[in-house]
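Visitor: For reference, the sequence and a predicted model appear below.
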Amino acid sequence: MDISLIRHGKSEFTTNRWLTAEEFNDWVSSYDNSGVLKEDFYPLETLKKVRTANLILTSDLQRSIQSAKLMHPSLDFVPNRIFRETELPSSSLRGVKIPSSIWAFLLRCLWFFGNAKGCESITHAKKRARKAAQLLIEYAETYGSVALIGHGFFNMLIAKELLKMGWKGKRKTNSKHWHCTTYYL
């Protein structure tokens, strides 16, 4: 049995401009609703895992779904909300404009330290990751080989749970777009 965690492709929405906190919230919505860029080549290991998996899963976000379609156009896959990326907290900081990449970094740091204003907490995200890992294990028990085309931070949380549950694999997931980390039992 094996479970492969794959990060979605690079987003079509690549704008990195100076934004207020309110504008950044809109930026996040646009990012979540965007697809991904088509590549000339995809990592061979990732393509192999997608083509040999007996079940492909995605989150219900566009960048995850479209990544599955780009890697294998005739692919059947199962989207599930449980595999969504962890959210970023909102900020009430007014009158300050900083680049969207800095907003994302700062808000992710605040989230790791417990600020969950307007989003799920890190504690809740870890519980969701535990449920997601258990679901992936159930699928692996049925299908043998499964692949999740998911998201960077949430894949990392799932991987930690799989390791706690006795699965073998790298302690750190590959967070590059289109790359894959596989866990075995």
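Guide: Yes, it's here.
Visitor: contacting residues around the residue nearest the centre of the chain?
Guide: The centre of the chain sits closest to residue 151, judged by C-alpha atoms, centre = their mean, with a distance of 0.9 Å. Counting by C-beta atoms under 8 Å, 6 or more residues apart in numbering, residue 151 touches 7-8, 59, 61, 63-64, 83-86. C-beta here means a position set from N, CA and C on the backbone, and glycine is covered the same way.
Visitor: Of the residues you listed, which belong to helices?
Guide: 63-64 (DSSP state H).
Visitor: Closest one to residue 159 out of the contacts of residue 151, please.
Guide: residue 7 (11.4 Å; C-beta to C-beta).
Visitor: Out of the contacts of residue 151, which sit inside strands?
Guide: residue 7 (DSSP state E).
Visitor: the helices in this structure, which residues?
Guide: Under DSSP H, the chain gives helices at 21-32, 44-52, 62-71, 100-112, 122-143, 152-164.
Visitor: Could you tell me which ranges of this protein sit under the pLDDT cut-off?
Guide: Of all residues in the chain, none has pLDDT under 70.
Visitor: give me that answer again for 80
Guide: 14-15 (pLDDT under 80).
Visitor: who's in contact with the residue of the chain most remote from its centre?
Guide: Here the chain reaches farthest from its C-alpha mean at residue 95, the gap being 31.2 Å by C-alpha atoms, centre = their mean. Contact partners of residue 95, counting by C-beta under 8 Å, 6+ apart, are residue 20.
Visitor: can you do 10 Å?
Guide: Residue 95 sits next to 20-21 when contact means C-beta atoms under 10 Å, 6 or more residues apart in numbering.
Visitor: what do you get for residue 100?
Guide: Residue 100 neighbours (C-beta under 10 Å, 6+ apart): 13-19, 23-24, 27-28, 31.
Visitor: switch the cut-off to 8 Å
Guide: Applying C-beta under 8 Å, 6+ apart, the residues near residue 100 are 15-17, 19, 24, 27.
Visitor: So residue 20 versus residue 79, what's the distance?
Guide: 33 Å (C-beta to C-beta, to the nearest Å).
Visitor: Just the closest of the contacts of residue 151 to residue 39, please.
Guide: Nearest to residue 39 among these, with distances taken as C-beta to C-beta, is residue 8, at 11.7 Å.
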